[in-house]
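Participant: output the structure for:
(one chain, ligands or ions: 1)
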Amino acid sequence: MPIHLHRRHLLAGTGAVLSALALPHPARAAIAPFRRRLGAIELTVISDGVLNAPMSFALPETPAADAIALFAAHGHPPEWPQPQTNVSLIKIGNELVLIDAGSGSNFQPTAGKLAENMEAAGIDPATITKVVFSHCHPDHLWGAIDEFNDERFAKASYVVPALEWDFWLNPNTPDSLPEAFKGAALGNARILKRLEAKVERRNANDAVAPGLSYVETFGHTPGHMAVLVESEGQHLMIGGDVLTHGVVSFARPEWRTGADHDKDRGIATRRRLLDRLATDKHALVGFHLPWPGHGMVERSGTAFRFVPL
Ligand SMILES: [Zn+2]
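Facilitator: Numbering: from 1, shown residues only. Sure, this is the predicted structure:
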């Protein structure tokens, strides 16, 4: 078995190198990817780890007792779960397209695991031909850059929603956001500028790769896009951050979500996407839904439910 020595081991010094050689390969602790076919397309969902975001952040206007009662009615424990980070990889022909890049090593210690989980799955980052971003929050963007400020997917080009580019590169944006988001906004702008030479900006309904097109889902961020995957008459929606909790987003889409920049627009978008997926019977991959975030949306009374597959 080849031993991969990463620059991070070398940077840490000889002791770390020896440890890396002597210890079990970190890949052994990795999460195996989820795989399915969709026509001529191969979908692989790879974990970037989990995030820490308390319920008070996720549902700032909902009494905790209401949320816990909803969880109980669905057989879920009374705690707010750690959101997963499910990164989709699409293989179509000679293209290998990553939808979002995870958060890298500078966001939260429980996340930024995409690189090691890709390595464990035998996927070389240098084979990624394109990275398509749903939006430019740190947990989706920052993993495009490694700890040396180099591109993690060196041969890739990038697709960014045009309105996301305009928003995060606007010098007034950091000051327009609540204090907790200012640092992230500066980081987002820095990384987008780092990638700029290889960025294509695209709008709703544009093709972003073979079989892939952007779907307007504004609200979570000003230019948020879902990605519709289509092959041989089959469809799947990579929903980004429109639907983020396996119960709340489906049963109570009208609950205002702390991470949404425009909370009312986020609700309207959530309802529209739920209605579309339930009507069209297209599968969904949700970035923060319970691993691997793949399933169907069904109607349930006046709302919806998520049926994992
Ligand atoms: Zn996210």
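
Participant: so which elements touch the helix or strand where residue 277 lies?
Facilitator: Here residue 277 sits within helix 263-280, counting by DSSP states H and E. The contact analysis (3 or more C-beta pairs under 8 Å, 6 or more residues apart in numbering; DSSP states H and E) places helix 263-280 against strand 234-238, strand 294-300. Every residue, glycine included, has its C-beta placed from N, CA and C.

Participant: so is the closest residue to residue 132 other than its chain neighbours in a helix, a strand, or just coil?
Facilitator: With C-beta to C-beta, 6 or more residues apart in numbering as the measure, residue 159 is the residue that lies nearest to residue 132, at 4.4 Å, once sequence neighbours are left out. Look at residue 159: counting by DSSP: H, G, I helix; E, B strand; the rest coil, its state is strand.

Participant: where does the residue of the stretch 151-300 of the chain found nearest the ion sit: helix, strand or coil?
Facilitator: Per C-beta to the ion, the residue of the stretch 151-300 of the chain with the smallest distance to the ion is residue 241, at 4.4 Å. Classification of residue 241 using three-state DSSP returns coil.

Participant: quick one, what contacts it?
Facilitator: 134, 135, 137, 140, 220, 221, 224, 259, 287, 288 (C-beta atoms under 8 Å, 6 or more residues apart in numbering).

Participant: please identify the deepest-packed of the helices and strands packed on helix 263-280.
Facilitator: strand 234-238 (a mean of 21; mean count of other C-beta atoms under 10 Å).

Participant: is any part of the very next helix or strand once past it close to the ion?
Facilitator: Sequence-wise, the next helix or strand downstream of strand 234-238 (DSSP H and E) is helix 248-251. No. Judged by C-beta under 5 Å from the ion, helix 248-251 makes no contact with the ion; its nearest approach is 12.6 Å.

Participant: contacts for helix 248-251 next, please.
Facilitator: Contacts for helix 248-251 (C-beta under 8 Å, 6+ apart): 59, 67, 70, 74, 242-243, 255, 270, 274, 286, 289, 297, 300, 303-306.
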